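Enquirer: I would like the atomic coordinates for the input below:
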Amino acid sequence: MSNGPQNPKGATIVRPKTEQKQKLQRPRLWKVLFHNDDFTPMEFVTWVLQTIFQRSENEATAIMLLAHQTGIAVAGVYPKEVAETKVMETQKAAEEQEFPLLVTMEPEELGDEPPG
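Expert: Next up, the predicted model:
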């Protein structure tokens with residue numbers, strides 16, 4: 001008697017064990033950074049954070065103040081394509097208003113935690 005499946009003629013069917021589970025890696029995340037300048041109004045920065053980054057008024061204000069006080073602040077952490085889109089949308093909005101707002105992105109370091 002065999003333990004494997006049998007074909008209609010009674011012979012045991014042997015299937016090679018080739019299936020291996022592949023570990024899927026999470027895509028690398030990118031930080032979108034707001035840089036302080038002396039010309040872009042705080043209200044505009046807050047508006048961009050609420051509109052493009054879907055931040056609450058309190059979150060947007062806190063991020064804007066951090067950039068204002070320290071020179072730079074993380075607006076969010078996203079997959080690369082999302083980060084690129086948010087940077088481009090922010091730059092376009094700033095250019096339309098003739099503000100020199102600088103927004104950049106950089107890869108998140110391993111062990112970094114996204115902002116709460």
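Enquirer: so where do the strands sit in the chain?
Expert: Taking DSSP state E as the criterion, the chain carries its strands at 29-35, 72-79, 102-107.
Enquirer: Grab the nearest non-local neighbour of the spatially most central residue of the chain.
Expert: The chain has Y78 as the residue nearest its centroid, 0.3 Å off, counting by CA atoms, centre = their mean. In space, and not counting its chain neighbours, Y78 is closest to W30: 6.0 Å by CB to CB, 6 or more residues apart in numbering. Using the backbone N, CA and C atoms, a C-beta is placed for each residue, glycine as well.
Enquirer: pretty sure the one you found contacts T104?
Expert: No: the criterion here is CB atoms under 8 Å, and W30 misses it with T104 at 9.9 Å.
Enquirer: What are the neighbouring residues in contact with the closest residue to M64 other than its chain neighbours?
Expert: Counting by CB to CB, 6+ apart, V45 is the residue found nearest to M64 once chain neighbours are left out, at 4.5 Å. Shown in contact with V45 (CB atoms under 8 Å, 6 or more residues apart in numbering): F34, A60, M64, A67, L101.
Enquirer: same thing but at 7 Å, please
Expert: F34, M64, L101 (CB atoms under 7 Å, 6 or more residues apart in numbering).
Enquirer: swap in M42?
Expert: When contacts are counted by CB under 7 Å, 6+ apart, M42 is found next to M64, H68.
Enquirer: Residues in contact with the lengthiest helix in the chain: which ones?
Expert: Secondary structure of the chain read by DSSP state H shows that its longest helix is helix 80-96. The list of residues contacting helix 80-96 from outside it, by CB under 7 Å, 6+ apart, reads R28, W30, V32, T40, V48, I52, F53, Y78, L101, V103, M105.
Enquirer: Could you take those and lay them out as CSV, with extra columns for pLDDT?
Expert: CSV is the format used below for the contacts of helix 80-96 (pLDDT from 0 to 100):
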residue, pLDDT
R28, 93
W30, 98
V32, 98
T40, 97
V48, 98
I52, 98
F53, 98
Y78, 97
L101, 98
V103, 98
M105, 98
